[in-house]
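*Asks:* Take this sequence and fold it.
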Amino acid sequence: MQTVKMVITGPFSSGKTEFISSISEIDVVKTERSVTTPGEKAVKDATTVAMDFGRITVDDDLVLYLFGTPGQRRFDFMWEILAEGMLGFVVMVDSTKPETFREAKSILETFRAYAPTPYVVAANKQDMEDAWNTDDLRIALRIEEGIKLLPCVANDKESVKTVLLELLYSILEEMES
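*Replies:* Next up, the predicted model:
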């Protein structure tokens, strides 16, 4: 049986944990901690501090291991550890938050420096009214034409499956060349 390690990365609150949770066949291993103090209102209740882990069996011969990175820079020491041995990665971008685009581009460049593996960019929250379309996102993030920038809704299993299949196709193309 062949196993493929894929890393799901991106800025804080871009949808990485939701992405893995919506497709994993096992209960996702999460290392989340509270990000609020009592009485404080936050964007979300918890943040990943080490990693998320999920698994998908594609067929009898292929299993995907999905490793989600922490999105906050204070936990970026985990990024290089998680990148080790990856065959490809997904950069999640919250299409509704242009203020996070620069961070997404920086994370993308960091992971490209760790390993020259195939990657795709997932434009999350495409079901929201204020989401940027993928053409505008490509320009804002300065993503080259040959790189797959895919619309995504992280809590929609079919959407997540499409993103992962596109990454898998990119990995297989590179292995065959």
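*Asks:* quick one: the helices in the chain?
*Replies:* Ranges of helices within the chain are 16-23, 77-83, 101-114, 134-141, 157-176, based on DSSP state H.
*Asks:* Those helices: which one's closest to residue 54?
*Replies:* With C-beta to C-beta as the measure, helix 16-23 is the member of these nearest residue 54 (4.1 Å). For glycine as for every other residue, the C-beta is placed from the backbone atoms N, C-alpha and C.
*Asks:* before we move on, the earlier item: can you put the helices of the chain in a markdown table and add mean neighbour count and mean pLDDT?
*Replies:* Shown next, in a markdown table, are the helices of the chain (neighbours: other C-beta atoms under 10 Å; pLDDT from 0 to 100):
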| stretch | mean neighbour count | mean pLDDT |
| --- | --- | --- |
| helix 16-23 | 24 | 95 |
| helix 77-83 | 16 | 87 |
| helix 101-114 | 17 | 95 |
| helix 134-141 | 16 | 96 |
| helix 157-176 | 16 | 94 |
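*Asks:* out of those, which comes closest to residue 6?
*Replies:* Nearest to residue 6 among the helices of the chain is helix 157-176 (6.3 Å), distances taken as C-beta to C-beta.
*Asks:* on contacts alone, who are the packing partners of the closest one?
*Replies:* When contacts are defined as 3 or more C-beta pairs under 8 Å, 6 or more residues apart in numbering; DSSP states H and E, helix 157-176 sits against strand 2-9, helix 16-23, strand 62-68, strand 88-94, strand 119-124, strand 149-151.
*Asks:* if we go to 6 Å?
*Replies:* Helix 157-176 makes packing contacts with helix 16-23, strand 88-94, strand 119-124 when contacts are defined by 3 or more C-beta pairs under 6 Å, 6 or more residues apart in numbering; DSSP states H and E.
*Asks:* can you pull the contacts of residue 7?
*Replies:* Going by C-beta atoms under 6 Å, 6 or more residues apart in numbering, residue 7 touches 67, 82, 83, 86, 89.
*Asks:* how about 10 Å then?
*Replies:* 16, 51, 65-69, 79, 82-91, 111, 114-115, 117, 119 (C-beta atoms under 10 Å, 6 or more residues apart in numbering).
*Asks:* Could you do residue 3 as well?
*Replies:* Residue 3 neighbours (C-beta under 10 Å, 6+ apart): 55, 62, 63, 64, 65, 85, 87.
*Asks:* so what's it scoring on pLDDT?
*Replies:* Residue 3 carries a pLDDT value of 91.
*Asks:* Mind giving me the ChimeraX command for buried ones among the contacts of residue 7?
*Replies:* Here is the ChimeraX command that picks out the buried ones among the contacts of residue 7, judged by 16 or more other C-beta atoms under 10 Å:
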select :16,51,65,66,67,68,69,79,82,83,86,87,88,89,90,91,111,114,115,117,119
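*Asks:* Alright, I will stop here.
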